[in-house]
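Novice: Got a sequence here, can you build the structure:
(one chain, ligands or ions: 1)
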Amino acid sequence: MLDDALALWFPGPGSVTGEDVAELHLHGSRAVLAAVMAALKGQGLRLAEPGEFTRRAFLNGKLDLVQAEAVADIAAAETEAQRRQALRQLDGHLGELYRGWADRLLRLLAHLEAAIDFPDEDLPPEIEADIAAGTAALAGEIARHLADGHRGERLRDGIAVAIVGPPNAGKSSLLNQLARREAAITSPIAGTTRDVIEVAIDLAGYPVILADTAGLRDSADAVEQEGLRRALARAEAAEMRLFVFNAERPRDAEGAAAWPGPDTLIVANKVDLIASRDRLPDRVHAVSALTGEGVPELIATLAARVAATYDIAAPLLTRARHREALEGAEAALRRSLAADLPELRAEDLRLAWRNLGHITGRVDVEDLLDVIFADFCLGK
Ligand code: GDP
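Specialist: Numbers count the residues shown, from 1 in each chain. Predicted structure coming up:
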């Protein structure tokens, strides 16, 4: 007798990995675990490697690679939006999109191969034009999917919000306010430089990486100039910006003109120090990082902006690995359209198909043979 516990038996192939699986639900004390592990070891069993269950599920055809990656994302999700995105990926929509493209491509390729291999057959004359049109349509769809502003990847890795503005405007104080208000610093990120401090927060369910940058001012000091250069680069690369200025110096708001557009919120800080707000420019968010006044409203506006951009039902590209393969596929499709020999066109279609197959983990020549022989029944 080792413990009073529950044992569950999941016979394959209905189990999560497709194999026979037994689960032991134990009282998780060290002594119980040690005793049970010792007994299991005596039966020739060992601990699973990291990811081994998901790997077996993939190898047994229970998941595609995109779904396997989603399992890792669900396990790592820190915010609501990340959890939702990972679940959407796990439910197979993203993989279906990529497989759908791969299947269409395979069909185009099979038709082209048939035209090449069996020139004497009575294949419809418009077949070459159909293949070109299909190739162009596919390239267009992939290009549109790629031109998503990296939203899926941002949602997975964190949406960058840079806090910029003149020195002493209260940027660090505001960062502290935002981070404390949200009370959910998910992980402190070591600044890439001493001048840029980053904090990961959960902003209304969205993963946001707040970056406090060096103050924007002209300086002859070389170190300060470098800090400024990095601050500007960071502000430029960020998805959104909070331009913070001292409400006592309303003309400083003009500095925000460097980043026109809705992705930059203009924040007048230290409103506790001014008697009247009449001199503040229109459409600024008046806050005090000292008293906290206006901070909840600023958070709400920021969250609404983020939600407007990132709350999308369509499956989004989530990983650089997928992006690379899709870019390769699109480039190959475009090359295929430009090539004049059918053999060269076919080779590029094959490359494009291979690229798509790499995303979901399905690259199999048998697939091509199946389509060729099923579609044409050439009987040769
Ligand atoms: P940064 O250089 O832009 O990061 O500015 P800091 O956050 O370091 O703030 C500069 C100074 O302004 C500090 O002494 C803060 O305590 C002060 N400060 C920041 N925010 C406010 C505010 O809302 N009201 C007042 N009265 N002082 C503030």
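Novice: Look up how far residue 316 lies from residue 84.
Specialist: 11 Å (Cβ to Cβ, to the nearest Å). (C-beta placed from N, C-alpha, C; glycine too.)
Novice: ok, the two, which is more surrounded?
Specialist: Shown here are residue 84 and residue 316; by other Cβ atoms under 10 Å, residue 316 has more neighbours (23 against 14).
Novice: I'd assumed residue 149 was in contact with the more buried one.
Specialist: No. Using Cβ atoms under 8 Å, residue 316 is not in contact with residue 149; the gap is 9.7 Å.
Novice: Which residues of the protein lie near the ligand?
Specialist: 167-173, 215, 269-270, 272-273, 288-290 (Cβ under 6 Å from any ligand atom).
Novice: Could you rerun that using 8 Å?
Specialist: Neighbours of the ligand within the chain, by Cβ under 8 Å from any ligand atom: 165-176, 212, 215, 244, 246, 269-273, 287-291.
Novice: Just the buried ones among the residues you listed, please.
Specialist: Buried by 16 or more other Cβ atoms under 10 Å: 165-166, 169-175, 212, 215, 244, 246, 269-271, 287-289, out of those.
Novice: And residue 211, how far from residue 204?
Specialist: For residue 211, the distance to residue 204 - Cβ to Cβ - is 19 Å.
Novice: The two: who's more crowded?
Specialist: residue 211 (25 against 16).
Novice: pretty sure the more buried one is in a strand, no?
Specialist: Yes. Counting by DSSP: H, G, I helix; E, B strand; the rest coil, residue 211 is located in a strand.
Novice: Pairing partners for it in the sheet, please.
Specialist: Beta-bridge pairing for residue 211 (DSSP bridges): residue 162, residue 198.
Novice: ok, it - contacts?
Specialist: Residues near residue 211 by Cβ atoms under 8 Å, 6 or more residues apart in numbering: 160-163, 196-198, 234, 238.
Novice: quick one: low-confidence ranges for the chain?
Specialist: 120-125, 181-196, 214-221, 223-224, 363-380 (pLDDT under 70).
Novice: isn't residue 208 right up against residue 200?
Specialist: Yes. Contact status for residue 208 versus residue 200: in contact at 7.3 Å, counting by Cβ under 8 Å.
Novice: between these two, what contacts are shared?
Specialist: residue 158.
Novice: Between these two, which is the more surrounded one?
Specialist: residue 208 (26 against 20).
Novice: so the more buried one, which of the three states?
Specialist: Note that with three-state DSSP, the state of residue 208 is strand.
Novice: any idea how far it is from residue 91?
Specialist: Taking Cβ to Cβ, one finds residue 208 at 25 Å from residue 91.
Novice: can you check residue 115 too?
Specialist: 38 Å.
Novice: who has more neighbours, those two?
Specialist: In terms of neighbours (other Cβ under 10 Å), residue 115 is the more surrounded of residue 115 and residue 91; the figures are 18 against 13.
Novice: so the more buried one touches residue 130, yeah?
Specialist: No. The pair residue 115 / residue 130 is not scored as a contact, 10.4 Å apart, by Cβ under 8 Å.
Novice: if we can go back for a sec, name the member of the contacts of residue 211 that has the highest neighbour count.
Specialist: residue 162 (27 neighbours).
Novice: tell me the contacts of that one?
Specialist: Contacts of residue 162 (Cβ under 8 Å, 6+ apart): 211, 213, 231, 234-235, 237-238, 240-242.
Novice: Residue 332 now?
Specialist: 348-349, 351-352, 355.
Novice: Could you export the residues you listed as CSV, including neighbour count and secondary structure?
Specialist: Formatted as CSV, these follow (neighbours: other Cβ atoms under 10 Å; DSSP: H, G, I helix; E, B strand; the rest coil):
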residue, neighbour count, secondary structure
348, 21, helix
349, 29, helix
351, 17, helix
352, 30, helix
355, 24, helix
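Novice: Which of these sits closest to the ligand?
Specialist: Relative to the ligand, the closest of the contacts of residue 332 is residue 355; by Cβ to the nearest ligand atom it sits at 46.1 Å.
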